[in-house]
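# From the sequence below, what's the structure:
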Amino acid sequence: MVALILVLPTIGCSSGLTEAELAYEEGSVSLEGGLYSEAIPNLDMAIQLDPDFTNAYNDRGYAYSVLGENEQAIEDFNKAIQLDPDYAKAYGNRGLAYSRLGRYQLAIPDYGKAINLGLDDAKVYINSGFAYYSLGQNQRAIEDYDRGIQLEPDHALAYSNRAIAYANLDQYKRSIEDLDRAIRLDPDFAMAYYNRGVAYRLLGRGSEADADERQACSLESKYC
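Just a heads-up that it's a prediction; the model follows:
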């Protein structure tokens, strides 16, 4: 089991702003507070007042993606990229929207474009790794996870995801090493315990597998 991570939107600061920029700032405040549905009307207003407001399209797309409206999100990211073909965050966010829809073949070039444009962000590499993993390209996924971990060494999910790719290549000891790291970083990471239990069992280490399965179950009932 793996998970995706959103690339953050563009957040500004207010000082002598136009009406469009003020509406955008209000939307930004809502985004920062996790109020994604509330952010959208303000971003709508910003775009209505300034139809070429690139950041507003990106940030509204981000809000739509968080809310699971990925087709709508892609439309906004498309517009942001049309207005600014070098907008790295928009490519990264569109890649994630494609991934959420299972369109990994489309996601991967967007992640690559974001990286080539200078978005050296752990989240982009981790999401790219997930896309490669989803297409069965585990070694290529590991390469992206490696870079994500280099950029953010305390990212428990990155270790967990890389562990799964290692397991798919029958490298169970390396998988367990990564899951050990993930659990040290997040002792309540139920998925990591569960997956480590699977790896232990595949290595014939039944008692350790049993212990991890019990721990995963105690943390999240879906692992029972």
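# Would you indicate which residues of stretch 144-161 are buried?
Of the residues in stretch 144-161, 144-145, 147-149, 151, 155-161 count as buried by neighbour count, 16 or more other Cβ atoms under 10 Å. Just so you know, the C-beta spots here come from the backbone N, C-alpha and C atoms, and that holds for glycine as well.
# ah, wrong one, I meant stretch 182-189
By neighbour count on 16+ other Cβ under 10 Å, the buried set for stretch 182-189 is 182-183, 185-186, 189.
# again, but for stretch 90-107
Neighbour-count burial for stretch 90-107 flags 90-100, 103-104, 106-107 (criterion: 16+ other Cβ under 10 Å).
# Which of these fall within strands?
In strands, judged by DSSP state E, none of the buried residues of stretch 90-107 are found.
# Tell me the one of these nearest residue 124?
residue 92 (4.7 Å; Cβ to Cβ).
# hang on, isn't the closest one packed against residue 111?
Yes - between residue 92 and residue 111 there is a contact at 6.5 Å, judged by Cβ atoms under 8 Å.
# Can you check which residues contact both of the two?
The overlap between the contact sets of residue 92 and residue 111 (Cβ atoms under 8 Å, 6 or more residues apart in numbering) consists of 124, 127.
# any weak-confidence spans in the protein?
Along the chain, the model assigns pLDDT under 70 to residues 1-15.
# Would you enumerate the residues in contact with residue 221?
Residue 221 neighbours (Cβ under 8 Å, 6+ apart): none.
# mind checking how far it is from residue 40?
Distance of residue 221 to residue 40, given as Cβ to Cβ, to the nearest Å: 33 Å.
# again, but for residue 153
Distance from residue 153 to residue 40, by Cβ to Cβ: 35 Å.
# Repeat that for residue 120.
29 Å.
# Mind splitting this protein into its structural domains?
Here the domain parsing of the chain from automatic domain parsing is 1-140, 154-224.
# Break down this protein into its helices, ranges please.
Applying DSSP state H to the chain gives helices spanning 19-32, 36-49, 54-66, 70-83, 88-100, 104-116, 122-134, 138-151, 156-168, 172-185, 190-202, 206-219.
# Just the buried residues of the third one, please?
So that's helix 54-66. Buried, per 16+ other Cβ under 10 Å, within helix 54-66: 54-66.
# now those residues in TSV, with distance to residue 204?
Formatted as TSV, those follow (distance: Cβ to Cβ, whole Å):
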residue	distance to residue 204
54	56
55	54
56	56
57	54
58	50
59	51
60	52
61	48
62	46
63	48
64	47
65	42
66	42
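# Thought residue 39 was touching residue 27, still the case?
Yes - using Cβ under 8 Å, residue 27 makes contact with residue 39 at a distance of 4.4 Å.
# Common neighbours of these two, please.
Joint contacts of residue 27 and residue 39 (Cβ under 8 Å, 6+ apart) are 59-60, 63.
# Specify which member of those is nearest to residue 207.
Lowest distance from residue 207 to the shared contacts of residue 27 and residue 39 (Cβ to Cβ) belongs to residue 63, with 47.2 Å.
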